[in-house]
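Visitor: My questions are about this predicted structure, shown below with the sequence.
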Amino acid sequence: MRRVLGCLCLWLGAGPWAAAQSGAVTPEVVKSLLARIEKLERRVAELEGAQGARKPAETPPASPPAPAPPTPLEVHERMMRPEESGQSLPSSPTLKLAGFSDFNFGSTTQRGFRSGFTEGQFAMHVTSALSPRVNVFGELSFTARPDAGTGTPAATGFNAEVERLMIRFDQSDYFKVSFGRYHTPINWWNNTFHHGQWLQTTVGRPEMTQFGGRFIPVHFVGGLVEGAVPAGGLHLNYNLGLGNGRGAVLSRGGDAGDNNNHRALLANLFVKPDRLFGLQAGGSVYRDKIAVGARSFDEWITSGHIVWQKENPEVILEGANVRHSEAGRSGSSNSLAYYAQVAYRLPWWGQQWKPYYRFEYIHIPRGDAVFAGVPSLAGSAAGMRYDLTAFAALKLEYRNQRRPGAQRVHGAFLQTSFTF
């Protein structure tokens, strides 16, 4: 269209100029020019109309789908993220705090279980950047005691515990060194969902990772070397550790020192591929020598996991085998535990509802002297999580559990958990 109008202007301008040069500007010439202008205006109008008919109707751009709300872990990481590397730091360390707690109501068919309300753990996460490459992290918990006020002197109302405390030196993303008390990184759940029930989807943890449980060493005191390597888009992550391992009480780490002269060793490898963002898969090995009374046992733990860290859906598959062999004797025992959990954040009602289901299984052979008294288990848990806000949730959970030689136990649990 612009080309047509340009030619028209040149043509109209050329006619009068030529006529002026020849001195032949007459009424007939003017009349002819006016007729041509009228004819060309009609033609331009026809061309514009044809072009408008061919132009497709503009459709409003499709609105993008509403993004899924951040997971509790993502929210917590943003809250506790230390100063970015390279930024100037104040003359003294600056602490960042995050708190967690929960209140519960439970009722089961188990004999001796008292239904009612209970106060969950009160946990505090503390971070402090000492320099652009040196950070300190701590986790404190306060747990209500059922024997509060009894005894002489009277028992306190809460047990205080330093759950985690570590100082880490970040040379680069590939190489980081830390020393302290950790949640042992040989189990995905244990290394991801720490104290603070709000972080996890469910009301309770799988039995194999229970705080105070004996199946895996939940805590580890020592040093870790860790990092991540791109590895062609696979993002290979590693943890290598040397520490005290289990304490005299198997459910606790060696906080005050190892109970024998043998350190625990661990190695944990997992990948987070770019092409399947949200997927994590890996495995771990743990080696220690533990004492049970006057007897000594070699302990080998091998574990693996596959996790899809999305809200739509969330899939967690994890298993571990614990092998014990007594020093000076032939033979060994293998105890097995695994669980599978699936959850899905519903796209309706503001994406606040998240149903979930978990099946778990533990098998302890009779010949395992280290795990004597630890019962086997087959159970399921199904529930619904409702996020009141980005920092508080309500959860309703039903459990069905069966242990050898005992009746099946049914239970219902209601929990409100939050961070602040």
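Guide: Perfect, thanks for sending it. This is a predicted model, so every value here is computed, not measured.
Visitor: Need the nearest residue in space to G253, chain neighbours excluded.
Guide: H219 (3.5 Å; C-beta to C-beta, 6 or more residues apart in numbering). To be clear about C-beta, it is placed using only N, CA and C from the backbone, and glycine gets the same treatment.
Visitor: for the one you found, what are its contacts?
Guide: By C-beta atoms under 8 Å, 6 or more residues apart in numbering, H219 lies in contact with 163, 181-184, 252-253, 255.
Visitor: try E163
Guide: E163 makes contacts with 123, 139-141, 181, 183, 194-195, 219, as judged by C-beta under 8 Å, 6+ apart.
Visitor: if you set the cut-off to 10 Å instead, what comes out?
Guide: 121, 123-125, 138-141, 181-183, 194-195, 211, 218-219 (C-beta atoms under 10 Å, 6 or more residues apart in numbering).
Visitor: any idea of the pLDDT on the residue nearest to G253?
Guide: Looking at H219, its pLDDT is 96.
Visitor: quick one on the thing from earlier: may I ask which of the contacts of E163 has the most neighbours?
Guide: Using other C-beta atoms under 10 Å as the neighbour criterion, Y182 leads those with 27 neighbours.
Visitor: can you tell me how far V203 sits from E314?
Guide: 15 Å (C-beta to C-beta, to the nearest Å).
Visitor: I'd like the average pLDDT over stretch 75-90.
Guide: 63.
Visitor: repeat for stretch 168-177
Guide: 97.
Visitor: Kindly report the same for stretch 314-322.
Guide: Mean pLDDT, computed over stretch 314-322, is 98.
Visitor: Just give the closest residue to the most centrally placed residue in the chain, not the sequence neighbours.
Guide: The centroid of the chain falls nearest to L73 when counting by C-alpha atoms, centre = their mean (4.5 Å). Closest residue in space to L73, ignoring its immediate chain neighbours: L199 at 6.1 Å, by C-beta to C-beta, 6+ apart.
Visitor: what number of residues lie near the one you found?
Guide: 18.
Visitor: From T143, how far off is it?
Guide: 17 Å.
Visitor: name the helices or strands packed onto whichever strand or helix holds G180?
Guide: Using DSSP states H and E, G180 maps to strand 175-183. When contacts are defined as 3 or more C-beta pairs under 10 Å, 6 or more residues apart in numbering; DSSP states H and E, strand 175-183 packs onto strand 134-144, strand 158-172, helix 188-192, strand 219-229, strand 236-243.
Visitor: Going by neighbour count, list what's buried in the fourth one.
Guide: Yep, that's strand 219-229 we're talking about. Using 16 or more other C-beta atoms under 10 Å as the test for burial, strand 219-229 gives 219-222, 224, 226-228.
Visitor: Assumed A248 was part of a helix.
Guide: No - looking at A248 with DSSP: H, G, I helix; E, B strand; the rest coil, it is coil, so not inside a helix.
Visitor: Can you tell me how far the closest residue to it other than its chain neighbours is from R145?
Guide: Residue nearest to A248 in three dimensions, not counting chain neighbours: N259, with 4.8 Å by C-beta to C-beta, 6+ apart. Look at N259 and R145: by C-beta to C-beta, they are 26 Å apart.
Visitor: With M79 instead?
Guide: Distance from M79 to R145, by C-beta to C-beta: 29 Å.
Visitor: Please apply the same query to G120.
Guide: Distance from G120 to R145, by C-beta to C-beta: 13 Å.
Visitor: thinking again about what came up before, so V203 and E314 - more neighbours on which side?
Guide: For V203 versus E314, neighbours defined as other C-beta under 10 Å are more numerous around V203 (23 against 19).
Visitor: count of neighbours near A393?
Guide: Applying other C-beta under 10 Å, we find 23 residues neighbouring A393.
Visitor: And for stretch 288-300, what's in contact with it?
Guide: The contact list for stretch 288-300 (C-beta under 10 Å, 6+ apart) reads 217, 220, 243-248, 250, 254, 258-266, 285-287, 301, 321-329, 332-334, 368-372.
Visitor: Which positions in that stretch come out as buried?
Guide: 288-292, 297, 299.
Visitor: Repeat that for stretch 97-105.
Guide: So stretch 97-105, judged by 16+ other C-beta under 10 Å, has buried residues 98, 100-102, 104.
Visitor: So what's the model's average confidence on stretch 45-52?
Guide: Mean pLDDT, stretch 45-52: 66.
Visitor: Ignore what I typed, I meant stretch 267-283.
Guide: 95.
Visitor: buried ones in that stretch?
Guide: 268, 270-273, 279-283.
Visitor: Those into JSON lines, with extra columns for distance to R385 and secondary structure?
Guide: As requested, the buried residues of stretch 267-283 are exported to JSON lines (distance: C-beta to C-beta, whole Å; DSSP: H, G, I helix; E, B strand; the rest coil):
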{"residue": "N268", "distance to R385": "28", "secondary structure": "strand"}
{"residue": "F270", "distance to R385": "26", "secondary structure": "strand"}
{"residue": "V271", "distance to R385": "28", "secondary structure": "strand"}
{"residue": "K272", "distance to R385": "25", "secondary structure": "coil"}
{"residue": "P273", "distance to R385": "28", "secondary structure": "coil"}
{"residue": "L279", "distance to R385": "22", "secondary structure": "strand"}
{"residue": "Q280", "distance to R385": "21", "secondary structure": "strand"}
{"residue": "A281", "distance to R385": "25", "secondary structure": "strand"}
{"residue": "G282", "distance to R385": "26", "secondary structure": "strand"}
{"residue": "G283", "distance to R385": "29", "secondary structure": "strand"}
